[in-house]
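Enquirer: requesting a structural model of the entry that follows:
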Amino acid sequence: MLKKVMLPSLLFVAACSESGPASEPVIPPAPDKPENGYVYTIRPDIKVSEISPYIYGMNLRKEFSHTAGDYSTLVRLGGNRLTGYNWENNASNAGSDWNHSSDNHIPNQMVRGSDSNVPGSVASAFVGNCLDNGQTPLFTIPMCYYVAADKKGEVAEGDKSRWLENLPVKPTPFSATPDLTDGAVYADECVNFIANVCGAKGKMFYSLDNEPDLWHSTHPRICPTHISCKDFIDRTVNYAKAIKTVDPHSLIFGFASFGYSGYNTFASAPDWNSVRSGYGWFLDYYLDKVNRASVAYGSPLVDVLDLHWYPEAKGDNRINKSTSNTQKDKEARLQAPRSLWDETYKENSWIAEQSNCRLPLIPNVMKSITKYAPNMKLAFGEFNYGGYEDITGTISLAEVLGIFGKYNIYAACHWGDPGTYGSLAYDLYLNYDGKGSKYGSTLVESTLNKTWVNSSVFASLDDNSKLHLIITNKSFDEKIDGKFKIDSSVSYRNAAVYYVVDGNPGINERDVIAIDDNQFTYTLPPLSVAHVVIE
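Expert: Numbers count the residues shown, from 1 in each chain. Reported below is the predicted structural model:
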């Protein structure tokens, strides 16, 4: 066969040489082959947006401490405990989470180092620890009707003696040592304490309470019936004004909804059907009413729309349960981040079945913000994807953090201990080399020639013009031989790869990869996530 192919070519060359000078035959170029493998194209010259530093936040729990080894950029003091929190005596109430107990839980378990007997000590310790460690504090201001009066344990239904009225504005001058006998607690006096006594004026983020759409369920002693939409908006506006009057340069996070049912109908609020006319979901109503109040006030009252997101995606079980570790659970967890942005993906969840028009979540929320309150930012004050003692937790969380950066989320705080593997996702972004080196702060364009079923890619530039990539392999049994193309006017020379792989709960560093003509190849093992740093 080889002779039959070559012989005509030889004869052709000989015939040409008889009629003139010898020359090489003209061979037409081969047609371009389609790129069947994984091709990651990075365009660092196309700077998309700045990545908010506040997306790498944590909710303060007893598992976390403000130390040099904690690279979280934002720390939220929030959760159910804060709804009945009394900043004056440091008491809080557990609500239905635990026997409706009023006690010392916050100073004893959440903000260690604070003296529970000293007024304002929790606020002082929390804010001071954050600022000393270069972290931004997100402090919850209770907005419900009452707060804990004492620390005497379980509160019986109907026992009004165990509560103090919670009010937005103090009618008399502020005091650095609040009056514990005046029968009320005032939000603006708390803010004044933080701003002026703690020295945090203009440095604070404040959250307007926690999950008000569930107050009647979580805190029936202080909110026995479901708060109405109208009452909630009125309280939001009044407490926001109180905060802004004292510390006008603070940022206020509002709504703090527990989840999708809250976004949609304010968890079936009693007056939702009477106020919903013209609004697609409760988020529209909330944004419109708050924005109108802000216009009347002359400046924004709520700066950041805060939503809590615990995915409802299921394999055999809901993915963020501690027992969700079957193969189907893990597969569902790896795909669940796509519900945040990907219109081609439909997850296995009741939300997708009943309200698929609201997914993917981020674009739909952003549409409402653009229409009703275009200057408002978006945050996820609580979120959790589970699987944090398993590599699927690392991969899904790394992808979520990349999505937050790519889709202009302003702030995000993980709820709960992300565990051995989940913590590695944060390390890949904030401390990939063990020396505090970080992913870049400027988002640049990156594309993948395939769907995100088995892989994802995010790209950024840091202040030193280093190019950073986060790439994942979500396949359980197949490696990815990735081809990386850097479309840039800058020539890149080498890449260092830091990666986490299944079965090894740590960040590994590979040898430097040489880059030729702004291209290189790299093989991602099954179930792995890598941070590539390109010089």
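
Enquirer: from here on, just use CA atoms for contacts and neighbour counts.
Expert: Will do.

Enquirer: quick one, what contacts Asp487?
Expert: Thr41, Ile42, Arg43, Pro44, Asp45, Asn518 (Cα atoms under 8 Å, 6 or more residues apart in numbering).

Enquirer: mind picking the two most distant members of these?
Expert: Spanning the widest gap among the contacts of Asp487 are Asp45 and Asn518, at 13.1 Å by Cα to Cα.

Enquirer: correct me, but Gly128 touches Cys198?
Expert: Yes - proximity of Gly128 to Cys198 meets the contact threshold set by Cα atoms under 8 Å, at 7.2 Å.

Enquirer: how about the helices in the stretch 351-500 of the chain?
Expert: 361-372, 391-406, 419-430 (DSSP state H, counting those that start in this stretch).

Enquirer: okay, those helices in JSON lines with mean pLDDT and mean neighbour count next?
Expert: Shown next, in JSON lines, are these (pLDDT from 0 to 100; neighbours: other Cα atoms under 10 Å):
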{"stretch": "helix 361-372", "mean pLDDT": "98", "mean neighbour count": "17"}
{"stretch": "helix 391-406", "mean pLDDT": "98", "mean neighbour count": "26"}
{"stretch": "helix 419-430", "mean pLDDT": "94", "mean neighbour count": "22"}
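
Enquirer: among the ones you listed, which comes closest to Leu164?
Expert: Judging the helices of the stretch 351-500 of the chain by Cα to Cα, what sits closest to Leu164 is helix 361-372, at 35.8 Å.

Enquirer: how far off centre is the closest one?
Expert: 16 Å (Cα atoms, centre = their mean, to the nearest Å).

Enquirer: dump the residue contacts of the spatially most central residue of the chain.
Expert: Residue closest to the average C-alpha location in the chain (Cα atoms, centre = their mean): Ala412, at 3.2 Å. By Cα under 8 Å, 6+ apart, the contact set of Ala412 is Tyr54, Ile55, Tyr56, Gly57, Met58, Ala379, Phe380, Gly381, Glu382, Phe383.

Enquirer: ok, which pair from these is furthest apart?
Expert: Tyr54 and Phe383 (14.1 Å).

Enquirer: so which of the two has more stuff around it?
Expert: Comparing Tyr54 with Phe383 by other Cα atoms under 10 Å, the one with more neighbours is Phe383, at 23 against 20.

Enquirer: hey, what's the more buried one bridged with?
Expert: Following DSSP bridges, Phe383 is listed with bridge partners Trp309, His414.

Enquirer: report the contact partners of it.
Expert: Going by Cα under 8 Å, 6+ apart, the list of residues near Phe383 reads His308, Trp309, Tyr310, Ala412, Cys413, His414, Trp415.

Enquirer: how about those in JSON lines, adding distance to Phe193 and pLDDT?
Expert: Shown next, in JSON lines, are the contacts of Phe383 (distance: Cα to Cα, whole Å; pLDDT from 0 to 100):
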{"residue": "His308", "distance to Phe193": "28", "pLDDT": "98"}
{"residue": "Trp309", "distance to Phe193": "31", "pLDDT": "98"}
{"residue": "Tyr310", "distance to Phe193": "34", "pLDDT": "98"}
{"residue": "Ala412", "distance to Phe193": "26", "pLDDT": "98"}
{"residue": "Cys413", "distance to Phe193": "25", "pLDDT": "97"}
{"residue": "His414", "distance to Phe193": "27", "pLDDT": "96"}
{"residue": "Trp415", "distance to Phe193": "27", "pLDDT": "95"}
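
Enquirer: distance of the closest residue to Trp281 other than its chain neighbours relative to Trp309?
Expert: Of all residues not flanking Trp281 in the chain, Asn264 sits nearest, at 4.7 Å (Cα to Cα, 6 or more residues apart in numbering). Distance of Asn264 to Trp309, computed by Cα to Cα, to the nearest Å: 13 Å.

Enquirer: of those two, who's got more company?
Expert: Between Asn264 and Trp309, counted using other Cα under 10 Å, the more crowded position is Trp309 (20 against 17).

Enquirer: with that, I have no additional questions.
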